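**Q** based on what follows, work out the 3D shape:
(chains A and B)
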Amino acid sequence: MATIDRAATRRRRIPWSLLVFLGPAVLIYSAFMVFPLFDSLRLSLFAPGGSGLGVFVGLQNYVTLLTDPLWSPRFWGALGNNLVFFTIHMLVQNPIGLLLAVLLTTRVLRGRAAYRALIFAPTVLSVVIVGFIWKLILSPLWGVASGALDSIGIGQLYGPWLGLQGPAIIVVSLMSVWQYVGIPMLLFSAALLSIPDEVIEAARVDGAGPFRIFSRIQLPLIAPTVGIVAVLTFVGNFNAFDLVYSVQGGMAGPEFSTDLMGTLFYRTFFGFQLQLGNPTMGATVAGAMFVIILFGVCLYLFGLQRRLQTYEA
Amino acid sequence: MTRHAASLGDGPLRRSARALGISPSGAGKHAVLLIYTAVAVFPIALVVMNSLKSRSAIFDAPVQPPTPGTFSLIGYETLTKRGDFLGYFGNSAIVTGVSLALILLFGAMAGFALARHRFTGNRLLGLYLGIGIMVPIRLGTVSILNIIVGLGLANTQAALILVYIASGLPLAVFILSQFFREFPRDLEDAARVDGAGDFTIFGMAARLARPAIAAVAVLTMIPVWNDLWWPLILASGRKTATLTLGTQQFLGQFVSDWNAVLAALTIAMLPMIALYVVFSRQFIRGLMGGALK
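**A** Got it, this is the predicted structure:
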């Protein structure tokens, strides 16, 4: 009797307990995440003025952001810096994470847990702390970085990088790489551990060396994780803010050379020092970020992932 | 690797190396791992170490551990006089604790409903909740600030908690619903025959889901505790400042007082480091498990 009853309710009516289970999550998520995302996109189509909401201006704010001589250098500058930021993560963070994961998942390794825990430690710290620690280390006043370079005989390479327009964005990117390398390391480790031992054993018996095993077996088998790591890096990087804000300040100096989409968004929306906040232009910057992030995610979902899956099959 | 060493011959040196678990290729691995471990740990150790030294010793010999001659707590004294780190810590603990508890509760409830009930729109609702995994909540900031001000919640911890719950729920629902799908049907049927309702069964399933709940807790806690954006935008007042925001403001004010800066960094790191030292196994297992699902 009970089972029949249950089968009936499960299929047809929506039982009241279902509303209780789903209610809080759906309500809070809709009110504070989904609605604001759409409402913010809507606000980006308005300009201040008129009564209450402002005036509807269509895509004019986006045109201003991309072409106006006051706005466009900041936008393209931030976008360019953000691409450098992302490229450095892809070229440095993810390969190092992969290398560490391969080393940490070899079958016999003493101290595996200790290595993993220590290398992952910076990831649990706040970006504000990490940024400031590196700021101190790189400071010419303290001399730790120059001293370290001196000790290996390349002291002349040292410079006050965070104050130099070219190197600053690279150094800031490397700080972020240092903090987050643990994430690709763990994701790649999990993927590598899921490869059956017999597959690798069989290759070894056939005479394959570690490099061949890596390039012919491990890398193709963890290709889906490579895609996931890439898209997570992309979304995280184009949403980054805290590090630049705490190391270089809201103006993302020197001369906006470390400005990212996140810091541009903050300054535009909230205002900073002499610049007044502008909610509708802020919403426009957020809209541009939304398009960029959506583009990256779609590229992954429809392009990369599909190709990876066929490769796997 | 040990097999590798054996195939290369079995001299006394090799044999003793093998006893230690080291082989020629193993030594290379350890060298790389040790170097990278040093890169990861050195900056943290350097700051903690120097926070316990006098100003002159910080600059004269940065890499030297504190000695009885150079030991000084002057930075920490400035901190207790001029900062309110206990208050910041309390604020962070409340905001993170309440957000985490509610994310886990609401996330488990919704995940359970999605996993165990077939109703029209089930998959659609799952997708709807899943959008938030990829789209950062920050992009809705302009509108969220309007809403929070409209509700009269500006500069309150409630504002932060609501936003953190909304941003943490998507991943929690996703991971937990996958876990609840594995809850054995037989167990549920047996309980139903005994007269158990949905809520009792949810309780049973939640108890079995403890490892998954722990993984979600770890994944959710780190970004909430460390967040700077929302405290800066929604609750930047002194009374509500979280540890991350309070530290950021303190560091900005005391930039030239190196003792105070180093002490502040150490104090701000302390809670997370302590938690990590005790639970590092759970942290890492949670993150790797979350990745596998």
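
**Q** could you chop the chain up by domain?
**A** With no chain named, the answer covers chain A. Taking automatic domain parsing as the reference, chain A has its domains at A:17-58, A:62-312.

**Q** that answer is for a different chain, and I need it for chain B
**A** B:24-72, B:83-292.

**Q** related to what we said a few turns ago, and the domains of chain A: which comes nearest B:Gln253?
**A** B:Gln253 lies closest to domain A:62-312 among the domains of chain A, at 12.8 Å (CB to CB). C-beta here means a position set from N, CA and C on the backbone, and glycine is covered the same way.

**Q** centre-most residue in chain A?
**A** In chain A, the C-alpha closest to the average C-alpha coordinate belongs to A:Gly236, at a distance of 1.6 Å (CA atoms, centre = their mean).

**Q** OK, contacts around that one?
**A** Neighbour list for A:Gly236: A:Tyr180 [criterion: CB atoms under 8 Å, 6 or more residues apart in numbering or on different chains].

**Q** quickly find the element holding it.
**A** In the assignment (DSSP states H and E), A:Gly236 maps to helix A:223-237.

**Q** how close does B:Phe254 get to chain A?
**A** Using CB to the nearest CB, to the nearest Å, one gets 11 Å for the distance from B:Phe254 to chain A.

**Q** contacting residues for the closest residue to that residue other than its chain neighbours?
**A** Nearest non-adjacent residue to B:Phe254, counting by CB to CB, 6 or more residues apart in numbering or on different chains: B:Ala260, 4.5 Å away. Shown in contact with B:Ala260 (CB under 8 Å, 6+ apart): B:Gly75, B:Thr78, B:Leu79, B:Arg82, B:Phe250, B:Phe254.

**Q** got it, and B:Trp225?
**A** B:Trp225 neighbours (CB under 8 Å, 6+ apart): A:Ser126, B:Ser92, B:Thr96, B:Leu243, B:Thr244, B:Pro271, B:Met272.

**Q** show me the residues you listed that map onto helices.
**A** Using DSSP state H, B:Ser92, B:Thr96, B:Leu243, B:Thr244, B:Pro271, B:Met272 are the members of the contacts of B:Trp225 that sit in helices.

**Q** number of residues surrounding the last one?
**A** In this case it means B:Met272. Around B:Met272 there are 19 other residues, counting by other CB atoms under 10 Å in any protein chain shown.

**Q** surely it touches A:Val124?
**A** Yes. Contact criterion CB atoms under 8 Å: B:Met272 and A:Val124 qualify, at 5.1 Å.

**Q** which neighbours do those two have in common?
**A** B:Asn226.

**Q** can I get the domains of chain A in a markdown table with mean pLDDT?
**A** Below are the domains of chain A laid out as a markdown table (pLDDT from 0 to 100):
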| stretch | mean pLDDT |
| --- | --- |
| domain A:17-58 | 88 |
| domain A:62-312 | 89 |
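
**Q** mind putting those domains into JSON lines with distance to B:Pro65?
**A** Formatted as JSON lines, the domains of chain A follow (distance: least, CB to CB, whole Å):
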{"stretch": "domain A:17-58", "distance to B:Pro65": "47"}
{"stretch": "domain A:62-312", "distance to B:Pro65": "14"}
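
**Q** related to what we said a few turns ago, would you show me how to pick out the buried ones of the contacts of B:Ala260 in ChimeraX?
**A** Remark: buried members of the contacts of B:Ala260, expressed as a ChimeraX selection using 16 or more other CB atoms under 10 Å in any protein chain shown:
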select /B:75,78,79,250,254
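
**Q** of the contacts of B:Ala260, which belong to helices?
**A** B:Gly75, B:Thr78, B:Leu79, B:Arg82, B:Phe250.

**Q** what's the pLDDT at A:Arg11?
**A** If you check A:Arg11, the pLDDT there is 50.

**Q** what residue in chain B comes nearest to chain A?
**A** B:Gly140 (3.1 Å; CB to the nearest CB).

**Q** surely that residue is in contact with A:Gly287?
**A** No. In this structure, B:Gly140 is not within contact of A:Gly287 by CB under 8 Å, at 10.7 Å.

**Q** who has more neighbours, those two?
**A** Per other CB under 10 Å, whichever of B:Gly140 and A:Gly287 has more neighbours is B:Gly140, with 27 against 23.

**Q** how about the nearest residue to the more buried one, chain neighbours excluded?
**A** That would be A:Pro36: by CB to CB, 6+ apart, it lies 3.1 Å from B:Gly140.

**Q** surely that neighbour and B:Ser143 touch.
**A** Yes. In this structure, A:Pro36 is within contact of B:Ser143 by CB under 8 Å, at 3.8 Å.

**Q** which sections of chain B are below the confidence cut-off?
**A** Chain B contains residues with pLDDT under 70 at B:1-25, B:289-293.

**Q** residue nearest the centroid of it?
**A** Centre-nearest of chain B using CA atoms, centre = their mean is B:Ile222, 2.1 Å out.

**Q** please name the nearest non-neighbouring residue to that one.
**A** A:Val124 (5.7 Å).

**Q** rewinding a little: and the gap between the residue of chain B closest to chain A and B:Arg181?
**A** Distance, B:Gly140 to B:Arg181, using CB to CB, to the nearest Å: 30 Å.

**Q** cool, and B:Thr266?
**A** 44 Å.

**Q** out of the two, which sits in the more crowded spot?
**A** Between B:Thr266 and B:Arg181, counted using other CB under 10 Å, B:Thr266 has the larger neighbour count: 21 against 12.

**Q** list the contacts for that one?
**A** Neighbours of B:Thr266 in contact, by CB under 8 Å, 6+ apart: B:Val47, B:Val48, B:Ser51.

**Q** now the second one, nearest residue through space, not along the chain?
**A** Of all residues not flanking B:Val48 in the chain, B:Thr266 sits nearest, at 5.1 Å (CB to CB, 6+ apart).

**Q** which helix or strand contains that neighbour?
**A** helix B:258-292.

**Q** so that helix versus helix B:74-82, what angle?
**A** 90 degrees (axes from the mean of the first three to the mean of the last three CA atoms, to 10 degrees).

**Q** give the buried residues for the helix or strand hosting A:Asp39.
**A** Following DSSP H and E, one finds A:Asp39 within helix A:35-43. Judged by neighbour count (16+ other CB under 10 Å), helix A:35-43 contains these buried residues: A:Phe35, A:Pro36, A:Leu37, A:Asp39, A:Ser40, A:Leu41, A:Leu43.

**Q** other residues contacting that helix?
**A** Outside helix A:35-43, the residues touching it (CB under 8 Å, 6+ apart) are A:279-280, A:283, A:286-287, A:290, B:135, B:137, B:139-144, B:146-147.

**Q** buried only: go through the residues you listed for me.
**A** In terms of neighbour count (16+ other CB under 10 Å), the buried residues within those are A:279-280, A:283, A:286-287, A:290, B:135, B:137, B:139-144, B:147.

**Q** and the strands in the chain?
**A** No chain specified, so I'll use chain A. Under the criterion DSSP state E, chain A contains strands at A:46-47, A:55-56.

**Q** point out the most buried one among the ones you listed.
**A** strand A:46-47 (a mean of 19; mean count of other CB atoms under 10 Å in any protein chain shown).

**Q** ok, residues contacting that strand?
**A** Outside strand A:46-47, the residues that touch it by CB under 8 Å, 6+ apart are A:Leu53, A:Gly54, A:Val55, A:Phe56, A:Val57, A:Gln60, A:Asn61, A:Thr280.

**Q** re earlier: how far does the helix holding A:Asp39 sit from the chain's center?
**A** 22 Å (CA atoms, centre = their mean, to the nearest Å).

**Q** restrict it to CA atoms and write it as CSV.
**A** Written as CSV, here are the backbone C-alpha positions of helix A:35-43 (Å, rounded to 0.1, in the frame of the first residue of the first chain):
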residue,chain,number,x,y,z
PHE,A,35,17.6,38.1,-10.3
PRO,A,36,20.6,40.4,-9.6
LEU,A,37,22.5,39.0,-12.6
PHE,A,38,19.6,39.8,-15.0
ASP,A,39,18.8,43.0,-13.2
SER,A,40,22.3,44.2,-13.5
LEU,A,41,22.3,43.4,-17.2
ARG,A,42,19.1,45.5,-17.4
LEU,A,43,20.7,48.4,-15.5
